[in-house]
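*Asks:* make a model of this:
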Amino acid sequence: MNDAAPTPSQPSAPALVQVTPGGPVNGEITPPGSKSLTNRALICAAFASGHSKLTGALRSEDTEVMIDSLGKIGFDIRVSEGGRTIEVANPREPNFSQTNAKPTTSSLFIANSGTTVRFLTAALSAFGGNYGLSGVPRMHQRPIGDLVNAIEPVIIGSIKAESAGQCPPVQIDSSGWSDSDIHVGGSVSSQYLSGLMMAAPIYPIGGPSASSKKQVRIIVDGELVSRPYVDMTIRVMDSFGAKTNVCTTGLSTGETIAFEITAVANQSGFGYRGCEYPIEPDASAASYFWAAAAITGGRVTVSGLSRDAMQGDVGFVDVLEKMGCTVEHQSDSITVIGSELHGIDIDMNAISDTVQTLAVVALFADGATRVRGVAHNRFKETDRIGDLACELRKLGAEVIEHRDGLTIVPPPKTDLQGAPCLHGAQLMTYHDHRMAMSLSLAGLRIDGVRIEDPSCTSKTYPEYFADLERLIGRPHCWT
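*Replies:* Predicted coordinates:
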């Protein structure tokens with residue numbers, strides 16, 4: 001996935017990595033492009049008229065899975081600048097240089113990419129055709145029933161999730177969508193809603209040859225988790241020419257949120273318009289570097305992100321501020337300055353991808369930290385509540401699991417003999433990129449923290465350990 005050479009201290013296929021403890025972490029860094037924005041922009045660009053050019057994109061397993069899948073379906077995607085620039089064209093575009101028709105049948109391997117399977121399931125059911133989407137064993141344990149159940153009443157054809165508990169593989173045989181309203185559950189993942197929203201402007205194969213307006217109403221039943229990601233979807237769609245109106249009724253009692261998407265097809269039958277689209281650095285990735293400052297009492301500036309960023313995960317700095325850090329906002333950067341940390345009680349529903357990062361920071365706080373509102377984290381790449389608790393306990397912390405989160409209780413700094421109560425251990429990642437990146441931060445303060453399967457970070461951030469090494473100025477130990 002990554003064409004850059006390994007750092008001098010890193011073997012090509014390491015089994016373990018140990019971050020070297022040291023003093024305060026000080027420096028400036030720009031993370032790679034946002035995975036969430038890259039995959040959303042790829043969907044909109046693929047189903048748009050004209051050519052699109054994405055700049056600052058992320059090259060990782062998750063984005064390459066999306067690119068490979070769209071290529072198999074028949075879209076023309078050209079990658080350059082080490083994956084940071086992506087040009088996209090639709091083969092139905094009259095001026096497109098190739099004339100190959102879209103395959104009527106495609107079998108797509110989506111690895112363990114949640115965004116890819118959810119976004120493509122929705123998009124391809126609206127576009128039409130016969131598709132099979134399958135992945136690694138863990139993907140076949142990740143529920144997609146809310147999305148499949150939302151599509152079933154409107155699909156002209158059939159859709160089925162084949163594994164127990166309505167998990168992938170997914171089989172689609174479609175001629176597009178009917179005009180009915182769509183109802184979707186939002187308590188497991190906001191990506192179901194985002195996928196449906198991005199699919200709404202997609203006209204089926206052989207769609208309108210003259211301009212026509214398409215309006216789709218999507219109603220969320222019950223709780224909606226990770227709302228900032230939905231707001232991100234709206235902004236990406238708007239850049240590609242599709243408009244969304246948000247209607248709320250009975251929000252005080254948690255009744256409904258409705259999203260009305262309007263798209264106008266051009267003469268070629270496209271609801272999206274191609275454009276040049278710049279992609280922000282990944283805010284979830286930035287959380288690890290801000291956390292490094294918090295844990296070590298250092299000062300770290302992340303460039304390319306601001307308070308006005310599209311990604312809700314920039315809100316992680318507000319969490320660190322509540323714990324005692326100082327945060328400085330500039331027009332194109334955010335700086336975190338570490339200080340004495342104290343435990344907090346916080347709802348992380350809106351920024352749940354940063355829960356593991358917060359949990360590691362909480363190890364070094366004075367007092368317990370209670371994380372709420374993230375029951376859906378059990379259905380990610382791994383159980384990000386239960387498995388996270390297990391690994392933190394290995395380091396010497398007391399961790400209490402709750403239905404919707406966990407409580408981290410740090411031990412005293414030293415025992416009666418003066419030895420540190422937090423201690424090194426070999427930690428499992430469960431093939432979860434965020435487990436590897438977040439748990440590695442404990443090694444900035446604790447000697448002997450060894451991370452298994454560090455290469456799993458290639459899912460979203462292949463160069464994470466190299467970038468961390470450059471930031472802290474000390475080599476990791478690879479075995």
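
*Asks:* all contacts plus neighbour counts: C-alpha atoms, from now on.
*Replies:* OK.

*Asks:* how about the contacts made by S284?
*Replies:* By Cα atoms under 8 Å, 6 or more residues apart in numbering, the residues touching S284 are 313-314, 353-354.

*Asks:* mind naming the longest strand for the chain?
*Replies:* strand 212-224 (DSSP state E).

*Asks:* for that one, buried residues please.
*Replies:* Judged by neighbour count (16 or more other Cα atoms under 10 Å), strand 212-224 contains these buried residues: 214-224.

*Asks:* quick one on the thing from earlier: what's the most distant pair in the contacts of S284?
*Replies:* Spanning the widest gap among those are V314 and D353, at 11.2 Å by Cα to Cα.

*Asks:* what's the closest of the contacts of S284 to R307?
*Replies:* Proximity of these to R307 (Cα to Cα) peaks at V314, which lies at 6.9 Å.

*Asks:* pretty sure V148 sits against K160.
*Replies:* Yes. Contact criterion Cα atoms under 8 Å: V148 and K160 qualify, at 6.8 Å.

*Asks:* and G386, how many neighbours?
*Replies:* Using other Cα atoms under 10 Å, G386 is surrounded by 18 other residues.

*Asks:* list the contacts of the closest residue in space to it that isn't next to it in sequence.
*Replies:* Distances taken as Cα to Cα, 6 or more residues apart in numbering put E401 closest to G386, at 6.8 Å, once the chain neighbours are dropped. By Cα under 8 Å, 6+ apart, the contact list for E401 reads 385-386, 389, 407.

*Asks:* of the residues you listed, which is the nearest to L320?
*Replies:* T407 (16.5 Å).

*Asks:* element containing that closest one, please.
*Replies:* For T407, the element it lies in under DSSP states H and E is strand 405-409.

*Asks:* what sits up against that strand?
*Replies:* 359, 362-363, 367-375, 385, 389, 397-401.

*Asks:* and the residues you listed, which of them are in helices?
*Replies:* Among these, the residues falling in helices (DSSP state H) are 359, 362, 389.

*Asks:* state the pLDDT value of the second one.
*Replies:* A362 is assigned a pLDDT of 99 by the prediction.

*Asks:* now swap in the last one and tell me
*Replies:* What the model reports as pLDDT for A389 is 98.

*Asks:* and it, how far is that from W290?
*Replies:* From A389 across to W290, the span is 22 Å (Cα to Cα, to the nearest Å).

*Asks:* try the second one
*Replies:* Counting by Cα to Cα, the separation of A362 from W290 is 14 Å.

*Asks:* if we can go back for a sec, show me which of the ones in helices among the contacts of strand 405-409 is closest to A48.
*Replies:* Nearest to A48, judged by Cα to Cα, of the ones in helices among the contacts of strand 405-409 is A359 at 40.9 Å.

*Asks:* the longest strand of the chain pairs with which strands?
*Replies:* Paired neighbours of strand 212-224 in the sheet (DSSP bridges): strand 182-186 (parallel), strand 256-265 (antiparallel).

*Asks:* I'd like to know which of these is closest to H51.
*Replies:* With Cα to Cα as the criterion, H51 lies closest to strand 256-265 of the strands paired with strand 212-224, at 15.8 Å.

*Asks:* name the residues of the strand holding T407 that are buried.
*Replies:* Within strand 405-409, the residues scored as buried using 16+ other Cα under 10 Å are 405-409.

*Asks:* kindly reformat the residues you listed as JSON lines containing distance to D318 and pLDDT.
*Replies:* Shown next, in JSON lines, are those (distance: Cα to Cα, whole Å; pLDDT from 0 to 100):
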{"residue": "G405", "distance to D318": "19", "pLDDT": "98"}
{"residue": "L406", "distance to D318": "19", "pLDDT": "98"}
{"residue": "T407", "distance to D318": "19", "pLDDT": "99"}
{"residue": "I408", "distance to D318": "19", "pLDDT": "99"}
{"residue": "V409", "distance to D318": "21", "pLDDT": "98"}
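
*Asks:* in a markdown table, list those residues along with distance to S187.
*Replies:* Shown next, in a markdown table, are the buried residues of strand 405-409 (distance: Cα to Cα, whole Å):
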| residue | distance to S187 |
| --- | --- |
| G405 | 14 |
| L406 | 18 |
| T407 | 21 |
| I408 | 24 |
| V409 | 28 |
